[in-house]
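Visitor: Starting from these lines, generate the structure:
(chains A, B and C)
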Amino acid sequence: MEEKNDGKNRLVDFSMNNGSEKAFKAIGIVSLILPLSFLFILIIDTAADGIPRLNWNFLTSFPSRFPEKAGILSALVGSIYLIGLTAFIAIPLGIGAAIYLEEYARNNWFTSLIEINISNLAGVPSIIYGLLGLGLFVRFMGLGRSLIAGALTLSLLLLPMIIMAARESLKMVPLELREAAYALGADKWMVIRKVVLPLGLPGILTGIILSMARAIGETAPLITIGALTYVAFLPKSLTSPFTALPIQIFNWISRPQKGFHVNAAAGILVLLTVMLLMNALAIWLRMRLQKRNI
Amino acid sequence: MAKLVPGRQADLHLPRSLIERGVGSVLFMCAALSVAVTIGIILTLLLETIGFFQHVSFKEFFLDTEWTPLFSNRHFGIWPLVAGTALTSFLAMITSIPLGLTAAIYLSEYASERIRKVLKPVLEVLAGIPTVVYGYFALTFVTPLLQRVIPDLAGFNALSPGIVMGIMITPIVASLSEDAIYSVPLSLREGAFALGGSKLRTIFRVVIPTAFSGIAASFILGMSRAVGETMIVTIAAGQQPRLTLDPRVPIETMTAYIVQVSLGDTPHGTIEYRTIFAVGMLLFLMTLIFNLIAHFLKKRFIRGVL
Amino acid sequence: MKEDHRDSLEFDFSGIRPEEAIISTKDLHAWFHNNLVLKGISLSIARGKVTAIIGPSGCGKSTFIRTLNRMHELVPGARLRGHVFFDGQDIYSPGVNPIMVRRKIGMVFQKPNPFPMMSIKQNVVSGFLLQGIRTDQIDEKVEYYLRLAALWDEVKDDLGKPASSLSGGQQQRLCIARALAIEPSVLLMDEPCSALDPIATAKIEDLIHSLRGRYTIVIVTHNMQQAARVADYTAFFYLGKVIEYNRTEILFKNPAKSHTEDYITGRFG
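Guide: Coordinates of the predicted model:
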């Protein structure tokens, strides 16, 4: 491990073959610029389409048959409820599982089963979680096509992500501090509560924000469990039918009329703004964390 | 004050507190829940899939070449959906492998620490954009753009979502490949340099072959993502199951079919309802196999290098 | 290294009588996985005295003091056989809660490890927080233990500052204050000066002198001069065994074993 590379341009380079070296560097830069310019064009193109429709009315109106009158109120509120509920369910479970695996688990077959299982779950397509939600929450538990069924489905989808991120940050808490706490006569739970969790929290938070940013854009599992595409009311309880921002956007995209495509672009701008803000927050938190650790 | 009087013993006995005993079990249940989720997925898929195969024979499912469960003249041949998934995934992979791998080599071997620090989070953002957004972009921007070059490209086609999906997967391939390339020990590179190899030659003859199983794992995980990707292909590839390898015409992937049925109001217990679980089961198995292969390759790589 | 076969099996020349001992170990074996690191240690620690454990690295001296307050078992793969009697009770007997043992036998580590998320003041009373004990007169306690650890005058105006703002030597004294605040009878110190400069080391040694009598101190050190300066008794460990245990001045001036002599004269180690 020690001799792992630590910097760039590890060795002095007396390039004898300057031409191909330069050519490769250029290809490398292009293959980075290409996806990035793609991202840039995507945002510009969507903004050009959507900004004309982006106004207060758009944010505060229910969907409508007339594109100019339609808004994202029910979708926006639905998404906020959905993410709030999902966070409420998934965060404690995810952190709990991470603490168990990092602090309590013995080195036995069941622990490795859980670990392999979690990394596998992280690779299961989100639409499969939708089918699980449909079979388990909507039908078997009889929750119907409700807000709570959607939140439970998204929670299961996010769980592996949250667990893996939380484990990474718990791993970073120095062993010496745990030992110091034990030597002061603390029991395990106190060590975790007063030392390990406070120190791991910023890292855990970064992971949680990133996974929530992903949850906000999830579409396929919600369609599968039957989130409605046309909802002209706000959810009143956990068992209310609901819609969400990405579902509303998808609905507008599938309409043939160009007016609805404009709505979709405006909706995408709202979605991207929320998502990018969350990403920026997570990156900022991570950078602060790195600074503190140095 | 602290000096102990001999004979007066300190009490070292204290039963573990209730919280201390309870917490461990509660946390264990959180972790065990993940196993329950897997069992839940398998059971849900299996139950409805068994119901499906009571009506449709394996022979029809795997040998018929038409998929028309929603028409009056029903056919249940899975191949058109598999072909749609394979085609779009293939297009995504031939986009993302060259881009992702060169980006990884550049980031690991040439880019300065500062560039890496800026680019990696930006690439993460690219991978985190909601897929419904990519779908919109494929349908309203990339397809019209491609139609200028390929005039007979249909409005719904495999090419445009395939390329867009490839761009989406590029950061995943790049990031995982870079991890593998970056962890090739310095001593191996030094060995090659000591023999007078140029930097580029060293990268392609020594570094990449050493990191190969790690890089291959990144390709396979990317492939797994492409196979399971839903919204891009649903929006931009169409909903016409078709046994073809022509990227210009509308097709339907396995995932898009599940969405198509979910959008309609298909009653529970009907054969149409069960088809989505049968398709889901096949999809689950495919991604599971990909993930297990990637897991195995990664393990082999870690063992081989470190 | 010469081997002197006339050396007897006898190693304990300390003359500590059973009623003087606060801790005594009996046939203590310790493993990491299948690696035997302590091979039957039987040793008595005198109440109110300073005892130094010396020996080359890997001799088991750190493992030994970690078995005295049941810190050893926190390391994955650690096992143990034998007895450690604290005040006549076997701390490894069933029913004994390691938490209670650690409240009576405190510990200071190699690297200063104050809690980074707490202020200096909070660090001093962190033991109460971690034990879930509500405590009053916090300010008085903070001052008392910081004075005891000879740190008060240097930090009295900065009590609210994070502990990381202190120098290494100050951090280590803060860790000592923190350990003393839970009122243990024994303080174990695992190479407490190995990360410190000579001036900071001298301060810690002065502190050890001032605590003598009031606390029993066991200090592991790789620095023989330090052992000679601070300890009443010294045990020389080699390859998981006690080679010689005696009053410090005798052990250094007139060692009974050739091994000990080789080590303290710098012929190996």
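Visitor: CA only for contacts and neighbour counts going forward, please
Guide: Noted.
Visitor: Tell me the confidence at residue 66?
Guide: The chain I'm using is chain A. Looking at A:F66, its pLDDT is 82.
Visitor: Chain B was what I was after
Guide: 88.
Visitor: wait, what's in contact with it?
Guide: B:H75, B:F76, B:G77, B:I78, B:W79, B:P80, B:P241, B:R242, B:L243 (CA atoms under 8 Å, 6 or more residues apart in numbering or on different chains).
Visitor: Give me the pLDDT for the first one.
Guide: What the model reports as pLDDT for B:H75 is 89.
Visitor: Could you tell me how many residues sit around it?
Guide: For B:H75, the count of nearby residues is 17 (other CA atoms under 10 Å in any protein chain shown).
Visitor: what separates it from chain C, distance-wise?
Guide: 59 Å (CA to the nearest CA, to the nearest Å).
Visitor: For residue 135, give me its contacts.
Guide: Because you didn't say which chain, this covers chain A. B:T44.
Visitor: meant chain C actually
Guide: C:F128.
Visitor: cool, C:G169 as well?
Guide: C:P112, C:L196, C:D197, C:A200, C:T201, C:I204.
Visitor: isn't there a strand covering C:L38?
Guide: Yes - counting by DSSP: H, G, I helix; E, B strand; the rest coil, C:L38 falls inside a strand.
Visitor: what pLDDT does it get?
Guide: 94.
Visitor: cool, and A:V173?
Guide: Value for A:V173, per-residue pLDDT: 92.
Visitor: pretty sure it is touching A:L201, no?
Guide: No - counting by CA atoms under 8 Å, A:V173 sits too far from A:L201 to count as a contact (10.0 Å).
Visitor: Look up how far chain B lies from A:L73.
Guide: 19 Å.
Visitor: Just the element for the residue of the stretch 101-250 of chain B found nearest chain C, please.
Guide: Nearest residue of the stretch 101-250 of chain B to chain C, counting by CA to the nearest CA: B:K117, 26.5 Å away. According to DSSP states H and E, B:K117 maps onto helix B:113-128.
Visitor: And for the helix or strand that that helix is followed by, what's in contact with it?
Guide: Downstream of helix B:113-128, the next assigned helix or strand under DSSP H and E is helix B:131-137. For helix B:131-137, the external contacting residues (CA under 8 Å, 6+ apart) are A:42, A:46, A:217-219, A:246, A:249-250, A:253, A:268, B:161, B:164-165, B:230-236.
Visitor: ok, of those, which come out buried?
Guide: A:42, A:46, A:217-219, A:246, A:249-250, A:253, A:268, B:161, B:164-165, B:230-236 (16 or more other CA atoms under 10 Å in any protein chain shown).
Visitor: What about the residues you listed, which are in helices?
Guide: A:42, A:46, A:217, A:246, A:249-250, A:253, A:268, B:161, B:164-165, B:231-236 (DSSP state H).
Visitor: what residues does chain C put near chain B?
Guide: C:48, C:87-88, C:91, C:95-98, C:100-101, C:104, C:183-185, C:214-215 (CA under 8 Å from any CA of the partner chain).
Visitor: Give me the buried subset of these.
Guide: For those, a burial check counting by 16+ other CA under 10 Å picks out C:48, C:87-88, C:91, C:96-98, C:100-101, C:104, C:183-185, C:214-215.
Visitor: can you pull out the strands in the stretch 101-250 of chain C?
Guide: C:105-108, C:186-190, C:216-220, C:233-238, C:241-247 (DSSP state E, counting those that start in this stretch).
Visitor: The fourth one packs against which elements?
Guide: Going back to what we said before, that points to strand C:233-238. Applying 3 or more CA pairs under 8 Å, 6 or more residues apart in numbering or on different chains; DSSP states H and E, one finds that strand C:233-238 contacts strand C:50-54, strand C:241-247, helix C:248-253.
Visitor: quick one, which of those is nearest to chain A?
Guide: strand C:50-54 (19.4 Å).
Visitor: In chain B, which residue is most central in space?
Guide: Central residue of chain B (CA atoms, centre = their mean): B:R225, 2.0 Å from the mean position.
Visitor: Show the contacting residues for it.
Guide: Contacts of B:R225 (CA under 8 Å, 6+ apart): A:G123, A:P125, B:I169, B:T287.
Visitor: Based on its surroundings, how many neighbours for the residue lying closest to B:P121 once chain neighbours are set aside?
Guide: Counting by CA to CA, 6 or more residues apart in numbering or on different chains, B:P121 lies nearest to A:I283, which is 7.3 Å off, once chain neighbours are set aside. By other CA under 10 Å, 17 other residues sit near A:I283.
Visitor: Give the buried residues for the helix or strand hosting A:I283.
Guide: Assessed by DSSP H and E, A:I283 sits inside helix A:258-293. For helix A:258-293, a neighbour-count test (16+ other CA under 10 Å) marks A:259-272, A:275-276, A:278-280, A:282-283, A:285-286 as buried.
Visitor: do the same with stretch C:130-147
Guide: Buried residues in stretch C:130-147 (16+ other CA under 10 Å): C:L130, C:Q131, C:K141, C:V142, C:E143, C:Y145, C:L146.
Visitor: and what of stretch A:104-122?
Guide: Those would be A:A105, A:T111, A:I114, A:E115, A:N117, A:I118, A:S119, A:N120, A:L121, A:A122, for stretch A:104-122 by 16+ other CA under 10 Å.
Visitor: shaky segments in chain B?
Guide: By pLDDT under 70, the weakly predicted segments of chain B are B:1-9, B:305-306.
Visitor: Which stretches in it count as helices?
Guide: Under DSSP H, chain B gives helices at B:18-55, B:58-63, B:79-105, B:113-128, B:131-137, B:143-149, B:159-182, B:186-194, B:199-202, B:208-210, B:212-228, B:231-236, B:254-263, B:271-305.
Visitor: show me the contacts for residue 67.
Guide: If you meant another chain, say so; for now it's chain A. A:G259, A:F260, A:N263.
Visitor: wait, I meant chain C there
Guide: C:E73.
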